[in-house]
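K.L.:
Quick check, what structure comes out for this input:
(one chain, ligands or ions: 1)
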Amino acid sequence: MVHDQSQVKRTGDLWFGLAASVTELDGMPKAKRVLFRRSPFLVSYWNDEELIFENYATGKGATAAPIATEVLNFFSGWLSAAALFRHLPQYSPSSLRAAIKQLLRYSLLQRSDRELLPLERAMPAWKDWNPAAGFLHFTGRDLPFEADLMRIGRYMEELTHEKAMPVPVKHYPRAAQTMLPPPREQGEFTRVLTSRRTWRRFAPGKIALADLATLLGLTWGVREWVAVPPLGTFAVKTSPSGGALHPIEAYLVARDVERIAPGIYHYDATRHRLELLRRGMTRDRMSDYVIGQRWFSEAAAFVFMTAVFTRTQWKYRYPRAYRVVLAEAGHLCQTFCLVATCLGLAPFCTMAMADSTIDRDLGIDGVTEGVLYVAGVGKRPEGVDWKTASLPIDPTGKKRRLRG
Ligand SMILES: Cc1cc2nc3c(=O)[nH]c(=O)nc-3n(C[C@H](O)[C@H](O)[C@H](O)COP(=O)(O)O)c2cc1C
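P.N.:
Next comes the predicted model:
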């Protein structure tokens with residue numbers, strides 16, 4: 001997100017003081033009649049004293065003086081700069097031109113002689129979810145993440161100096177307490193659940209094709225089709241789905257998988273097949289996908305989970321349904337991690353990813369379908385038992401013995 005803070009200092013001048021120095025719009029020939037319109041994807045709010053405008057479709061934003069609201073409000077439909085001069089005769093045309101130029105720079109205004117960006121073109125698909133869900137989703141794309149472990153460590157330390165880390169559990173000590181019997185912990189299912197961990201080290205070598213097929217099939221494969229006349233046919237998978245609409249698609253990034261050439265594949269959830277989209281894959285590319293998290297790029301394979309938002313948007317025409325899509329990605333990812341654990345593999349998940357790069361490599365527009373989550377899997381390294389890495393203390397203060 002680009003918040004050009006230099007704008008903060010200049011906003012007062014932006015509208016009144018630059019009159020003498022800025023008289024032309026960049027690259028706009030005088031003779032040509034260019035029209036302007038407010039971008040339909042703007043959100044404005046105050047951050048302390050600063051008034052901020054953001055275009056969540058382009059990811060650009062700037063602070064501005066309140067007069068910007070008047071100008072943006074004026075450009076509700078396609079209108080000329082001259083029309084603005086007539087509307088605000090108290091300001092000099094040159095200062096208003098400068099204002100328009102700034103608003104264009106931060107994509108708060110659109111101009112009639114320029115193509116819209118692909119994200120802006122596709123955005124009408126989100127009309128029922130905007131601005132609330134669109135603002136949340138699109139302003140969170142392509143954020144920089146820190147992948148330097150030393151710096152992450154220092155940052156965490158600073159945080160704990162500032163304020164102690166929150167305890168991840170809650171108690172009601174004054175409430176009546178009912179003792180529960182211990183959870184039944186026998187069986188394979190419990191073993192798998194309790195041994196799932198996030199792996200950041202992998203043994204070299206390929207994972208078996210049968211394991212990969214099991215992972216994809218049990219997590220994303222359609223188990224059954226259920227006919228519900230007159231609506232149509234609903235897919236059933238091992239994870240639940242809001243309205244059984246199943247917005248999440250899976251794309252395999254294969255690097256070290258037996259009998260699968262490195263590349264990017266779409267998983268056909270109905271026919272249990274891989275569809276080759278792009279040949280070749282390097283560790284560097286994998287590292288780029290997860291924003292330089294080298295500990296993950298050594299995995300044998302990634303699975304990009306995208307959301308075909310339009311599936312859920314078809315039924316749920318309100319922004320709250322964005323939560324449904326996120327929850328579904330979580331269900332699927334946990335299933336993936338558990339299946340991988342059951343197979344003796346080393347799974348992980350991350351949301352620190354290069355959204356636009358991934359969308360581009362998948363050939364999707366990022367709006368009607370966009371990446372949401374990255375899971376990955378590799379071979380387990382010998383001699384690493386995650387249980388031994390568990391903390392021997394209960395954060396609520398009680399000492400706890402290590403099991404296993
Ligand atoms: C949504 C989500 C995003 C995560 N992103 C990252 C990440 O970017 N990098 C990373 O190393 N681990 C990431 N993790 C893994 C967590 O750090 C890990 O789950 C946590 O430390 C608890 O450890 P466990 O999974 O072994 O129980 C993520 C986990 C979740 C659920």
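K.L.:
Pull out the buried residues from stretch 349-359.
P.N.:
349-355, 358-359 (16 or more other C-beta atoms under 10 Å). C-beta coordinates here come from the backbone N, C-alpha and C atoms, glycine included.
K.L.:
Same check on stretch 130-146?
P.N.:
Using 16+ other C-beta under 10 Å as the test for burial, stretch 130-146 gives 130-131, 133-135, 137-139, 141-142.
K.L.:
quick one: it near the ligand?
P.N.:
No: Stretch 130-146 lies out of reach of the ligand by C-beta under 6 Å from any ligand atom, never closer than 6.8 Å.
K.L.:
Grab the CA positions of that stretch and hand them over as PDB.
P.N.:
Provided in PDB are the C-alpha atoms of stretch 130-146 (Å, rounded to 0.1, in the frame of the first residue of the first chain):
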ATOM      1  CA  ASN A 130     -17.700  -3.800  -1.800                       C
ATOM      2  CA  PRO A 131     -16.600  -1.600  -0.200                       C
ATOM      3  CA  ALA A 132     -16.200  -3.500   3.100                       C
ATOM      4  CA  ALA A 133     -14.900  -6.900   1.900                       C
ATOM      5  CA  GLY A 134     -13.200  -5.500  -1.200                       C
ATOM      6  CA  PHE A 135     -11.300  -2.900   0.900                       C
ATOM      7  CA  LEU A 136     -10.200  -5.600   3.400                       C
ATOM      8  CA  HIS A 137      -9.200  -8.100   0.700                       C
ATOM      9  CA  PHE A 138      -7.500  -5.900  -1.900                       C
ATOM     10  CA  THR A 139      -5.600  -3.600   0.400                       C
ATOM     11  CA  GLY A 140      -4.100  -6.700   1.900                       C
ATOM     12  CA  ARG A 141      -2.600  -7.900  -1.400                       C
ATOM     13  CA  ASP A 142       1.100  -7.800  -2.200                       C
ATOM     14  CA  LEU A 143       2.200  -6.500   1.200                       C
ATOM     15  CA  PRO A 144       5.900  -6.800   2.000                       C
ATOM     16  CA  PHE A 145       6.800  -9.400   4.600                       C
ATOM     17  CA  GLU A 146      10.000  -9.800   6.600                       C
END
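K.L.:
Show residues contacting the strand or helix carrying residue 153.
P.N.:
In the assignment (DSSP states H and E), residue 153 maps to helix 149-162. Applying C-beta atoms under 8 Å, 6 or more residues apart in numbering, the contact partners of helix 149-162 are 146, 165.
K.L.:
following it, which helix or strand comes up?
P.N.:
Once the chain leaves helix 149-162, the next helix or strand it forms, by DSSP H and E, is helix 187-195.
K.L.:
Could I get the buried residue list for that next one?
P.N.:
Under 16+ other C-beta under 10 Å, the buried positions of helix 187-195 are residue 192.
K.L.:
can you list contacts of the helix or strand following that helix?
P.N.:
Counting by DSSP H and E, the element after helix 187-195 in chain order, helix or strand, is helix 209-220. Helix 209-220 has contacts (C-beta under 8 Å, 6+ apart) with 237-239, 248-250, 252, 254, 257-260, 267, 269, 272, 301, 303, 332, 335-336, 339-340, 343, 345, 377.
K.L.:
One more: stretch 77-90?
P.N.:
Taking C-beta under 8 Å, 6+ apart as the rule, stretch 77-90 contacts 25, 33-37, 70-71, 74-75, 93, 96-97, 100, 112.
K.L.:
one more time with 10 Å, if that's ok
P.N.:
Contacts with stretch 77-90, where a contact means C-beta atoms under 10 Å, 6 or more residues apart in numbering, come from 15-16, 25, 28, 33-38, 67, 70-71, 74-75, 91-97, 99-101, 110-112.
K.L.:
filter the residues you listed to the buried ones?
P.N.:
Neighbour counting by 16+ other C-beta under 10 Å classes 15, 25, 28, 34, 36, 38, 67, 71, 75, 91-97, 99-101, 110 among these as buried.
K.L.:
Inside helices: which ones of those residues?
P.N.:
When these are checked against helices (DSSP state H), the matches are 15, 67, 71, 93-97, 99-101.
K.L.:
Residues of the stretch 251-400 of the chain that sit close to the ligand?
P.N.:
Within the stretch 251-400 of the chain, the residues that sit near the ligand (C-beta under 6 Å from any ligand atom) are 293, 349-352.
K.L.:
Pull out the buried positions in the longest helix seen in the chain.
P.N.:
When the chain is parsed with DSSP H, its longest helix is helix 321-342. Judged by neighbour count (16+ other C-beta under 10 Å), helix 321-342 contains these buried residues: 321-322, 324-325, 328-329, 331-342.
K.L.:
Now do the following helix or strand past it against helix 209-220: the angle between them, please.
P.N.:
Using DSSP H and E, the helix or strand that follows helix 321-342 in sequence is strand 345-350. Here the directions of strand 345-350 and helix 209-220 differ by 40 degrees (axes from the mean of the first three to the mean of the last three C-alpha atoms, to 10 degrees).
K.L.:
Which strands or helices does strand 345-350 pack on?
P.N.:
Under the contact definition 3 or more C-beta pairs under 10 Å, 6 or more residues apart in numbering; DSSP states H and E, strand 345-350 sits against helix 209-220, helix 294-297, strand 301-308, helix 321-342, strand 369-379.
K.L.:
Now mean pLDDT too, for the ones you listed, in CSV please.
P.N.:
Converted to CSV, the helices and strands packed on strand 345-350 look like this (pLDDT from 0 to 100):
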stretch, mean pLDDT
helix 209-220, 98
helix 294-297, 94
strand 301-308, 98
helix 321-342, 98
strand 369-379, 98
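K.L.:
export those to TSV and tack on distance to residue 200?
P.N.:
Listed next are these as TSV, based on distance: least, C-beta to C-beta, whole Å:
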stretch	distance to residue 200
helix 209-220	19
helix 294-297	4
strand 301-308	14
helix 321-342	13
strand 369-379	10
